[in-house]
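> below is the sequence, then the predicted model.
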Amino acid sequence: MDTTLKLPVGIEDFQEIRRLGFYYIDKTKLIEQLLEQWGKVNLFTRPRRFGKTLNMSMLHCFFEIGTDKTLFDNLYISKRKDFCEEYMGKFPVVFLTMKGVEGNTFEKAKAKLSKLVALEAERFCFLKNSDRLTDNEKERYKALIRIKDGKYSMDEETLESALQTLSELLFRHYGQKTIILIDEYDVPLDKAYQNGYDREMVSLIRALFGDALKTNNFLQFSVLTGCLRVSKESIFTGLNNFKVLSITDARFDEQFGFTENEVENLLKAYGMASHLEETKEWYDGYRFGDADIFCPWDVINHVDRLCKEPNAKPQSYWLNTSSNELVKCFIDKANKTTRDEIERLIAGEPMEKFIRLELTYDEIDTSIDNLWSVLFTTGYLTQAGVTETGAYKLMIPNREVREVYKLQIQEWFRENVLRNTENLTAFWKAVEEGNTECIENYLNRTLSNTISVFDTKAPDAEKENSYHTFLAGLLAGNSNWLVRSNVEAGEGFADIIIEPEDPDAGIIFELKHARVASGLNKSCENAITQIRNRRYEEYLKNDGRNKIVLYGIAFYKKRCKVVVERINGERD
């Protein structure tokens, strides 16, 4: 492999990748499978950033009349001479990527859809003068691209029939039926639901697709992609020859995303074979049909960064391409039972749930059960098998997605716990006064009602870090305190040191994780002993603070024990 090949970060155009010397993981077997497993209308549902747009671009390049056939040299499909001779470059292709169809009003979104369709129609400008079209047919074409005041001015009726019209006119010109490719078909519906005009958009998309896919005698076949399988009754009413290929389907299961073998070859090509395990930990774990799949967006970005920074650690690339509203909504709606299930998910335990693969947008957040389904179909959960009763064993796929949950849990914690100022104020007062009973009660109650974010299989030090983050967050809410974490003090580093308003006062916390509930008291003693032996109080004394309170706090799951000692030796 020529490692001078560039990595296609963010490039979704097949022709650009092949012509300009980018690394390409061959997914042209998708063409063979589509032709062998024929379907008139094929819908692929996959999470975002799993190569849907690039695959659609590849299909576009393969089938469209006038294609550059050398784009497919040495790729899998080139071995199928029969398919290449019969299908390559033989069809008019209409290709729409709908990811940009959005707006805070229906009119704005409709205008973007009109522009998208008109720009695609403009690619076939030869239709204006085609001697195979009647004058009326030419007028129908001109209605698709009409400009008024510098903007496309397609009326709604023309827009609703636009794809059917364009496919018919292309058939009249070429004498060959049209292939229609619609990428990210559900984005306009998602944006419409978020902005409150979903009824209007559903009606428009239903009409657009109905004319193009249901009653279209000029259609060869169609492929659609999206994240969600929107209810058939919502926009695909009456569409009988409709094949849905979801993440649970074994057909085409290796054609979206990267397999482990493909990732191994990619890493080897750039001299990074030693990074396979970290790449698996962070970006693998998705289960499509019978295949284990990596997120391609993450893998490409990680390898690209390693090329420039050989010691770079994995980070959350997929996370940074979305607002992660679904996880936020899930956590916000979670009751105590669901919060417990979320903790078990984060700990790596599968949850058995019955899944609905088909929903309307207004159903998504109406129940926790529907949210489990959507989190599964959009990649925030994956499946580790199916029970005899048909329930899916749902899991968080990898470390990156686990970070999504942790971040949203922390956000929920800030919004729901830290805004309860009355209870917090009482807690802060108890800390200043050394009231261990009040401190314990507050911490135990708060732990019981929040979601723990540490992995139960993690080392004790990592669990202590999670408890540390939890406690520091509660303490830092007091604007009258200076709260410092992991402070160099005496002969070590104190977990938390507080400088209250009183210039003579100071507070030191040392945290421990107990492996069993019976070890809480001993762990508290060890914490106090550590503060004393390492002379953490010198940090405060050097600042003239001599009224110092020491806290040893031990945690076990959602329980804690607190011991306090004053610097004069008094013991509570």
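Thanks, I have it. Note that the coordinates shown come from a computational prediction; the quantities given were computed from them, not determined experimentally.
> and the nearest residue to Cys125 once chain neighbours are set aside, how many neighbours?
The shortest distance from Cys125 to any non-neighbouring residue, by CB to CB, 6 or more residues apart in numbering, is to Ile145 (7.8 Å). C-beta: built from backbone N, CA, C; applies to glycine. Per other CB atoms under 10 Å, the neighbour tally for Ile145 reads 19.
> could you do the one 4 residues further on as well?
A total of 5 residues lie near Asp149 under the criterion other CB under 10 Å.
> before we move on, what about the one 10 residues further on?
For Leu159, the number of neighbouring residues by other CB under 10 Å comes to 21.
> local confidence estimate at it?
Looking at Leu159, its pLDDT stands at 96.
> so it is in contact with Lys110, correct?
Yes. Judged on CB atoms under 8 Å, Leu159 makes contact with Lys110 at a distance of 7.3 Å.
> quickly list what's touching both of the two.
Leu204 (CB atoms under 8 Å, 6 or more residues apart in numbering).
> just checking, the residue nearest to Cys125 touches Glu122?
Yes. If you go by CB under 8 Å, Ile145 and Glu122 touch, sitting 5.4 Å apart.
> coming back round to it: residues touching the residue nearest to Cys125, list them.
Ala118, Ala121, Glu122, Cys125, Tyr152.
> the fourth one: how many residues sit nearby?
When counting by other CB under 10 Å, one arrives at 10 neighbours for Cys125.
> swap in the third one?
Neighbourhood size, Glu122 [other CB under 10 Å]: 12.
> find the nearest non-adjacent residue to Leu375, please.
Leu381 is the one closest to Leu375 (CB to CB, 6+ apart), at 4.7 Å.
> how about that neighbour, phi and psi?
phi -140, psi 160 (degrees, to the nearest 10).
> how about it, what does it touch?
Leu345, Trp372, Leu375, Leu394, Met395, Ile396, Pro397.
> try it again at 7 Å.
Leu375, Leu394, Met395, Ile396 (CB atoms under 7 Å, 6 or more residues apart in numbering).
> which of those fall within strands?
Leu394, Met395 (DSSP state E).
> same list (the contacts of Leu381) but as a markdown table, adding distance to Ala273 and pLDDT.
Shown next, in a markdown table, are these (distance: CB to CB, whole Å; pLDDT from 0 to 100):
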| residue | distance to Ala273 | pLDDT |
| --- | --- | --- |
| Leu375 | 33 | 90 |
| Leu394 | 32 | 96 |
| Met395 | 27 | 96 |
| Ile396 | 27 | 94 |
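> quick one: pLDDT of Val404?
86.
> and the one 3 residues further on, by the same measure?
The pLDDT attached to Leu407 in the predicted structure is 83.
> what helices or strands is the helix or strand hosting it leaning on?
Leu407 is located in helix 399-416, with elements delineated by DSSP states H and E. Where contact means 3 or more CB pairs under 7 Å, 6 or more residues apart in numbering; DSSP states H and E, helix 399-416 is packed against helix 276-283, helix 325-333, helix 336-346.
> what about the helices in the stretch 401-550 of the chain?
421-433, 436-449, 460-476, 520-533, 538-541 (DSSP state H, counting those that start in this stretch).
> so which of these comes closest to Val223?
Taking CB to CB, helix 460-476 is the member of the helices of the stretch 401-550 of the chain nearest to Val223, at 45.1 Å.
> low-confidence ranges in this structure?
Applying pLDDT under 70 to the chain flags the ranges 1-3, 232-233, 320-323, 453-462, 568-572.
> SS state for the closest residue to Leu266 other than its chain neighbours?
Once flanking residues are discounted, Leu266 sits nearest to Val303: 6.3 Å by CB to CB, 6+ apart. At Val303 the chain is in helix, as set by DSSP: H, G, I helix; E, B strand; the rest coil.
> correct me, but Val303 touches Leu5?
No. Val303 lies out of contact with Leu5 (CB atoms under 7 Å); the separation is 11.4 Å.
> when the two are compared, which one has more neighbours?
Between Val303 and Leu5, counting by other CB under 10 Å, Val303 is the more crowded of the two (20 against 15).
> any chance you could list what contacts stretch 207-218?
41, 159-161, 163-164, 167-168, 171, 177-178, 180, 219, 222, 235-236, 238-239.
> picking up where we left off before, including secondary structure and distance to Gly390, could the contacts of Ile145 go into JSON lines?
Listed next are the contacts of Ile145 as JSON lines, based on DSSP: H, G, I helix; E, B strand; the rest coil; distance: CB to CB, whole Å:
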{"residue": "Ala118", "secondary structure": "helix", "distance to Gly390": "46"}
{"residue": "Ala121", "secondary structure": "helix", "distance to Gly390": "45"}
{"residue": "Glu122", "secondary structure": "helix", "distance to Gly390": "48"}
{"residue": "Cys125", "secondary structure": "helix", "distance to Gly390": "52"}
{"residue": "Tyr152", "secondary structure": "strand", "distance to Gly390": "48"}
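> what about the closest residue to Thr105 other than its chain neighbours, how many residues nearby?
Take Thr105 and drop its neighbours on the chain: the residue closest to it by CB to CB, 6+ apart is Tyr197, 6.6 Å away. Per other CB under 10 Å, the neighbour tally for Tyr197 reads 20.
> try Thr4
6.
> do you have the strands of the stretch 1-150 of the chain handy? List them.
41-45, 93-97, 147-148 (DSSP state E, counting those that start in this stretch).
> partners of the second one in the sheet?
Same thing as strand 93-97. Strand pairing for strand 93-97, determined by DSSP bridges: strand 178-183 (parallel).
> what residues of the partner strand count as buried?
Thr178, Ile179, Ile180, Leu181, Ile182, Asp183 (16 or more other CB atoms under 10 Å).
> ok, stretch 231-251 next?
231, 234-236, 239, 242-249.
> so of those, which ones are in strands?
Filtering those for strands - DSSP E - leaves Phe242, Lys243, Val244, Leu245.
> contacts only, for the second one.
Same thing as Lys243. Neighbours of Lys243 in contact, by CB under 7 Å, 6+ apart: Gly39, Val41, Asn42.
> now tabulate those in a markdown table and tack on distance to Pro350 and neighbour count.
Below are these laid out as a markdown table (distance: CB to CB, whole Å; neighbours: other CB atoms under 10 Å):
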| residue | distance to Pro350 | neighbour count |
| --- | --- | --- |
| Gly39 | 32 | 16 |
| Val41 | 34 | 23 |
| Asn42 | 30 | 21 |
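> with respect to Glu499, which of those residues is nearest?
Nearest member of these to Glu499, counting by CB to CB, is Asn42, at 64.8 Å.
> now that closest one: how far from Tyr152?
29 Å (CB to CB, to the nearest Å).
> give me the number of residues near Gly379?
25.
> ok, it to Leu394 distance?
12 Å.
> repeat that for Val562.
37 Å.
> what of Thr97?
30 Å.
> closest to Arg402 among the buried residues of stretch 231-251?
Of the buried residues of stretch 231-251, the one sitting nearest to Arg402 (CB to CB) turns out to be Ile247, at 19.0 Å.
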